[in-house]
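Asker: coordinates only, no sequence provided:
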């Protein structure tokens, strides 16, 4: 029980993968959560016995309590949560649908709240834990694009 247990969302690629590597190197068993099982499995095999994975789509808010309960039951505790997973829309602002925007909010905001709440419930039993929230500069780009659009003078026809 003295080994630390971490969860890294989006831990199979990019910054999340780098964080996972560091945690495992420090002797912390790290559970990576993501949607791509092939990628997660490859990372877990590469990093060995201190890395395991759960295939899960964070847009499924209703399923978050169960996945956290499962991890907690398997390891007995959760010491660290790194909220790293995130999505963005790589298309012009004016082409982003309400559904696209809802998916971004669900993954980048609502899931962070939901998974943090569930992990904190587990951390309260031991009276300790750490949560790290990672954000992206992509949030700034949306506002910059919107400002550029609003600054353009409309062309009136008719």
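Answerer: Done, it's in. These numbers were taken from a predicted model, which means no experiment stands behind them. Residues are numbered from 1 along each chain as shown.
Asker: how about the contacts made by residue 100?
Answerer: 89, 91 (Cβ atoms under 8 Å, 6 or more residues apart in numbering). Bear in mind the C-beta positions are built from the backbone N, C-alpha and C, glycine included.
Asker: and it, that's in a helix?
Answerer: Yes: assessed by DSSP: H, G, I helix; E, B strand; the rest coil, residue 100 belongs to a helix.
Asker: got a pLDDT number for it?
Answerer: At residue 100, the model reports a pLDDT of 91.
Asker: ok, it to residue 50 distance?
Answerer: Applying Cβ to Cβ, to the nearest Å, the value for residue 100 to residue 50 is 37 Å.
Asker: give the buried residues for the helix or strand harbouring residue 70.
Answerer: Residue 70 is located in helix 64-75, with elements delineated by DSSP states H and E. Neighbour counts over helix 64-75 (16 or more other Cβ atoms under 10 Å) mark 64, 67-68, 71-72, 75 as buried.
Asker: try stretch 98-112
Answerer: With burial defined by 16+ other Cβ under 10 Å, the residues of stretch 98-112 counted as buried are 104, 106-108, 111-112.
Asker: for those residues, could you give me TSV that also reports secondary structure?
Answerer: Shown next, in TSV, are those (three-state DSSP):
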residue	secondary structure
104	helix
106	helix
107	helix
108	helix
111	helix
112	helix
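Asker: which of these sits closest to residue 124?
Answerer: Of all those, residue 112 has the smallest distance to residue 124: 18.4 Å, by Cβ to Cβ.
Asker: ok, back up a step: out of the buried residues of stretch 98-112, which one sits closest to residue 12?
Answerer: Using Cβ to Cβ, the buried residues of stretch 98-112 come closest to residue 12 at residue 107, 14.8 Å.
Asker: the closest one and residue 96, how far apart?
Answerer: 14 Å.
Asker: identify the residue nearest the geometric centre of the protein.
Answerer: Nearest to the mean C-alpha position of the chain, counting by Cα atoms, centre = their mean, stands residue 85 at 2.4 Å.
Asker: touching, that one and residue 33? I think so.
Answerer: Yes: in this structure, residue 85 is within contact of residue 33 by Cβ atoms under 8 Å, at 7.2 Å.
Asker: what do those two both touch?
Answerer: By Cβ under 8 Å, 6+ apart, residue 85 and residue 33 have these common neighbours: 9-10, 58.
Asker: so where do the strands sit in the chain?
Answerer: In order along the chain, the chain carries the following strands (DSSP state E): 5-9, 29-34, 51-55, 80-83, 130-133.
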